[in-house]
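**Q** After the sequence you'll find the predicted model.
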Amino acid sequence: MRTEQFAAKALEKVDFDKYLLANAVGKRAEAIANGEEPLLDIDTAEMKYTDIALQEIAEGKIIVSLEG
């Protein structure tokens with residue numbers, strides 16, 4: 001799947017709120033950069049942190065909510 005497809009699927013998960021998605025991807029990418037393990041069942045060594053975060057959200061491994 002391509003990044004555009006993951007982005008479309010991730011947008012569905014946040015009711016098409018682009019700001020919420022961008023914020024969630026940024027926070028998750030920062031957490032991964034700071035040592036948290038990716039939740040994907042694939043080799044992420046060559047992936048950008050933001051792409052990992054986007055794919056995690058698209059696959060429902062990270063739940064994004066409006067609260068806190």
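**A** That came in fine, so what should we check first?
**Q** In terms of helices and strands, where is E12?
**A** Take DSSP states H and E as the rule and E12 turns out to sit in helix 3-13.
**Q** roughly how far apart are the closest residue in space to A29 that isn't next to it in sequence and L66?
**A** Computed as CB to CB, 6 or more residues apart in numbering, the closest residue to A29 that is not its neighbour in sequence is Y49, at 3.9 Å. Every C-beta, even on glycine, is put in place using the N, C-alpha and C of the backbone. Between Y49 and L66 the computed distance is 23 Å (CB to CB, to the nearest Å).
**Q** F6 now?
**A** 21 Å.
**Q** Compare these two and say which is more crowded by neighbours.
**A** Set F6 next to L66 and count neighbours by other CB atoms under 10 Å: F6 wins out with 18 against 8.
**Q** Buried ones in stretch 43-51, by neighbour count?
**A** For stretch 43-51, a neighbour-count test (16 or more other CB atoms under 10 Å) marks T44, M47, Y49, T50, D51 as buried.
**Q** Can you tell me which of these is nearest N23?
**A** T50 (12.2 Å; CB to CB).
**Q** secondary structure element for D41?
**A** Using DSSP H and E, D41 maps to neither a helix nor a strand.
**Q** can you map out the helices along the protein?
**A** Along the chain, counting by DSSP state H, helices occupy 3-13, 18-33, 49-58.
**Q** and of the ones you listed, who's closest to L40?
**A** Nearest of the helices of the chain to L40, taken as CB to CB: helix 49-58 at 6.0 Å.
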